[in-house]
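J.: Provided below are the primary sequence and the corresponding predicted coordinates.
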Amino acid sequence: MSRPYLALMALLTFSAYTLFTLLQAEQSLLQFGLQLLAQPDTAQVVIDLYLMAWLAGLWMLQDARARGRSARSVLPYLLLTAVFVSIGPLLYLVVNGFGRGAPQRA
């Protein structure tokens, strides 16, 4: 993806919606997560979401190494992924698509 306009659009839209919902929420993000884990059906969705987040984190680490960067450079994206799931990988795609070159091939 040379210019990740779709990822940028998704990042901006989803981030704005996330901010809106956080400002409207009557409970903390942690309380909301614990409430979701209290029921088996919603817990399954949360587990599924975090499995995908884990896979995205592995992909970001491998991509950073392919680009000649350290795993440490991915830490902010991994932290965002741990809290907001989609925002970390989307931001990674946008930053690397607009600001840096393609992965180096050996």
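T.: Looks like it arrived, so ask away. Numbers count the residues shown, from 1 in each chain.
J.: Distance of Leu80 relative to Tyr17?
T.: Leu80 sits at a distance of 15 Å from Tyr17 (criterion: Cβ to Cβ, to the nearest Å). Where you see a C-beta, it was placed from the backbone N, CA and C, and this is true even at glycine.
J.: For the two, work out which one has more neighbours and name it.
T.: Neighbour tally, Leu80 and Tyr17, criterion other Cβ atoms under 10 Å: the higher count belongs to Leu80, 17 against 10.
J.: Skip the chain neighbours and tell me the closest residue to that one.
T.: Sequence neighbours aside, Gly88 is the residue nearest to Leu80 in space, at 3.6 Å (criterion: Cβ to Cβ, 6 or more residues apart in numbering).
J.: thought the one you found was touching Leu78?
T.: Yes. Taking contacts as Cβ atoms under 8 Å, Gly88 lies within contact range of Leu78: 6.5 Å.
J.: Neighbour count for the two, which is higher?
T.: When neighbours are counted by other Cβ under 10 Å, Gly88 comes out ahead of the other of Gly88 and Leu78, with 22 against 18.
J.: residues in contact with the more buried one?
T.: 53, 56-57, 60, 77-82 (Cβ atoms under 8 Å, 6 or more residues apart in numbering).
J.: Between all of these, which two are at the greatest distance?
T.: Greatest spatial distance among the contacts of Gly88 (Cβ to Cβ): Ala56 and Leu79, at 12.9 Å.
J.: More neighbours: which of these two?
T.: Taking Ala56 and Leu79 together and counting by other Cβ under 10 Å, Ala56 has the greater number of neighbours (20 against 11).
J.: I'd say that one and Phe84 touch.
T.: No. Between Ala56 and Phe84 there is no contact, the gap being 11.8 Å when judged by Cβ under 8 Å.
J.: ok, then the element right after the helix or strand hosting Trp59?
T.: When elements are assigned from DSSP states H and E, Trp59 belongs to helix 40-66. Sequence-wise, the next helix or strand downstream of helix 40-66 (DSSP H and E) is helix 75-84.
J.: Could you check that following helix and say which residues are buried?
T.: By neighbour count, and taking 16 or more other Cβ atoms under 10 Å as the criterion, the buried residues in helix 75-84 are 77-78, 80-81, 84.
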